[in-house]
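1. prediction below, plus the sequence it came from.
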Amino acid sequence: MLQRIAYWIKFPYLWARYGSPIKSDETVVLFPQSASLRHPKGADSHWEIPVHAWVVEKESGTLSRLIGRYSVLSVLGLAGVVDRRSATAVFENRLSWFMADREVNKKVSISVGGETFLSPRTKPNGHVLFSVPYRGVAPAGSVLTYKVVDLPPGQHCIEGRVQLIAEQGVSVISDFDDTIKISNVTSKKELLRGLFFDDYHPAPGMPEFYLQLANAGVSFHYVSASPIQLYPSIAPFLDKYYPFGCLTQRHFYVADKSFINFFRSSMQYKIETVSQLIERYPQRRFILIGDSGEKDPEVYCQIAKQYPDQVSDILIREVFTGSELKDANHNARWQQIKSQLADHQNFTAFHDPTELGAIASWINHSHNGTAAV
């Protein structure tokens, strides 16, 4: 009895100093990342691997979950599109990640290359971001898998993957919705239906085009304006249809400032995210791929002007058809963007990705299929 009393007296101190252990009913999600080379003064070069972990507890059937369900539906705008399909397993699984409890003060042990590293504490949103060194032997372009160790029995973890990105070469920064996945972004109702109810389908011809680029040695970075809670649903889609690459999504939580930031224009989010990727790899060249549905062309134009020595191509998938393409304003949009780019920067709007085969051939020729890994 005295021992139990002593434990609970010391519990606040232990919780504050050592963090709370991962429990068997909690899930750890590790998000895909891209690594970069570091050359510290007076030490050997090594790969710096970003680690992004998310610790949550997914419960069902509780009163708080029932209340939270309606709140999330309303905030996400789903209240107007929920219909008889809302009872499907697909919908309930995707929604459950929005209602999961975010676990604060968790420390996660990560095993990478035979070494184990302890993370800082998770923040109130359940996330923690940190970096660890990889000193093993693996060529640039390799995709490494790392995992959480010392987990309790029955605890689930979504393993992490990271690609080792060479200092020089070619990278694609790709938008997600309506660029590589059919989303109907211009219709908010259809966008929400597609995100939460339906199976995900690739944009026609885009998996084959991205495979061409991957075979030419290109690395991939995917940028989505969708909530990060949809990652468990998006990951299998990317694995099935597209080359591996890091994926960046927006944070969305009703109870904190990310909720306000989420409903601001996605333009600023994309500008900041894409700029950070380009600055991480100052010697690489970048192809920016998006779609015409919203503001990808304008965002990419602004970035291309900011990084003229690194951005070589902007490729825009046309999501409009028929009379819209003949509209004078539509054509003027492209002319305005082209007029702002440097002579060596290319802008291409396309319907069929087979029109772009010359780009993969150019990469293969100019880099001999090796320098862009």
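-> Cool, the structure landed.
2. after the lowest-mean-pLDDT helix or strand in the chain, which helix or strand is next?
-> Every helix and strand in the chain was compared by mean pLDDT, DSSP states H and E; the lowest is helix 2-18, with a mean of 46. Later in the chain than helix 2-18, the nearest helix or strand by DSSP states H and E is strand 26-30.
3. hmm, who's touching the helix or strand following that following strand?
-> The helix or strand immediately downstream of strand 26-30 is strand 33-38, counting by DSSP H and E. For strand 33-38, the surrounding residues in contact (CB atoms under 8 Å, 6 or more residues apart in numbering) are 45-52, 133-134, 144, 160-167, 219, 221, 245-246, 280-281. C-beta here means a position set from N, CA and C on the backbone, and glycine is covered the same way.
4. stretch 74-89: end-to-end distance?
-> Using CA to CA, to the nearest Å, the end-to-end distance of stretch 74-89 comes to 20 Å.
5. can I get stretch 225-242 as CSV, trimmed to CA atoms?
-> C-alpha atoms of stretch 225-242 as CSV (Å, rounded to 0.1, in the frame of the first residue of the first chain):
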residue,chain,number,x,y,z
ALA,A,225,-3.4,20.1,-49.1
SER,A,226,-5.5,17.3,-47.5
PRO,A,227,-5.6,16.8,-43.7
ILE,A,228,-2.7,14.7,-42.3
GLN,A,229,-5.3,12.3,-40.7
LEU,A,230,-6.0,10.9,-44.2
TYR,A,231,-2.4,9.6,-44.5
PRO,A,232,-3.3,6.0,-43.6
SER,A,233,-5.8,6.0,-46.5
ILE,A,234,-3.5,7.8,-49.0
ALA,A,235,-0.4,5.7,-48.3
PRO,A,236,-1.8,2.4,-49.9
PHE,A,237,-2.9,4.4,-52.9
LEU,A,238,0.6,5.9,-53.4
ASP,A,239,2.2,2.5,-52.9
LYS,A,240,0.0,0.9,-55.5
TYR,A,241,0.3,3.4,-58.3
TYR,A,242,3.3,5.7,-57.8
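6. list of residues touching it?
-> Contacts for stretch 225-242 (CB under 8 Å, 6+ apart): 29, 31-32, 54, 93-94, 97-98, 100, 158, 176-177, 180-181, 195, 200, 202, 206-207, 210, 220, 222, 224, 244-245, 247, 249-252, 262, 266, 269-270.
7. before we move on, what about stretch 305-313?
-> 170, 275, 278, 282, 284-288, 300, 303-304, 340-342, 344-348, 359.
8. from those residues, which land in helices?
-> Members of these lying in helices (criterion: DSSP state H): 275, 278, 300, 303, 304, 340, 359.
9. tell me how many other residues crowd the fourth one.
-> Residues within reach of residue 303, counting by other CB atoms under 10 Å, total 21.
10. ok, the third one next?
-> Here the neighbour count serves as a burial measure; for residue 300 (other CB under 10 Å) it reads 28.
11. how near is it to residue 359?
-> Computed as CB to CB, to the nearest Å, the residue 300 to residue 359 distance reads 15 Å.
12. okay, now the closest residue to residue 48 other than its chain neighbours: neighbour count?
-> Excluding the flanking residues, the one nearest residue 48 by CB to CB, 6 or more residues apart in numbering is residue 38, at 4.7 Å. Neighbour count of residue 38, defined by other CB under 10 Å: 13.
13. residue 38 pairs with what?
-> For residue 38, the beta-bridge partners under DSSP bridges are residue 46.
14. would you list the phi and psi of residue 121?
-> For residue 121, the backbone dihedrals (degrees, to the nearest 10) come out as phi -70, psi 150.
15. tell me how far it lies from residue 146.
-> 19 Å.
16. roughly how far does residue 347 sit from residue 193?
-> 32 Å.
17. for residue 23, same thing?
-> Counting by CB to CB - residue 23 and residue 193 are separated by 35 Å.
18. and those two? which has more neighbours close in?
-> Using other CB under 10 Å as the criterion, residue 23 and residue 193 rank with residue 193 on top: 19 against 14.
19. restrict the helix or strand hosting that one to CA atoms and write it as CSV.
-> For residue 193, the host element (DSSP H and E) is helix 188-196. The C-alpha coordinates for helix 188-196 follow below in CSV (Å, rounded to 0.1, in the frame of the first residue of the first chain):
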residue,chain,number,x,y,z
LYS,A,188,-16.1,20.9,-52.8
LYS,A,189,-18.9,18.4,-52.3
GLU,A,190,-17.4,16.0,-54.8
LEU,A,191,-13.9,16.5,-53.3
LEU,A,192,-15.2,15.6,-49.8
ARG,A,193,-17.1,12.6,-51.1
GLY,A,194,-14.0,11.3,-52.8
LEU,A,195,-11.7,11.9,-49.8
PHE,A,196,-14.0,10.2,-47.2
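20. now do that helix: which elements does it pack against?
-> helix 89-99 (3 or more CB pairs under 8 Å, 6 or more residues apart in numbering; DSSP states H and E).
21. so which bits of the helix it packs on are buried?
-> By neighbour count on 16 or more other CB atoms under 10 Å, the buried set for helix 89-99 is 91, 94, 95, 96, 97, 98, 99.
22. one more: stretch 25-45?
-> Buried-residue list, stretch 25-45, by 16+ other CB under 10 Å: 26, 27, 28, 29, 30, 31, 32, 33, 34, 35, 36.
23. beta partners for the first one?
-> Put plainly, it is residue 26. Beta-bridge partners of residue 26, as defined by DSSP bridges: residue 57.
24. and it, what does it touch?
-> Residue 26 touches 55, 56, 57, 103, 106, 155, counting by CB under 8 Å, 6+ apart.
25. chain neighbours aside, what residue packs nearest to the fourth one?
-> Of all residues beyond its chain neighbours, the one nearest residue 103 is residue 55 (4.2 Å), with distances taken as CB to CB, 6+ apart.
26. state whether that neighbour is indeed within a helix.
-> No: using DSSP: H, G, I helix; E, B strand; the rest coil, the assignment for residue 55 is strand, not a helix.
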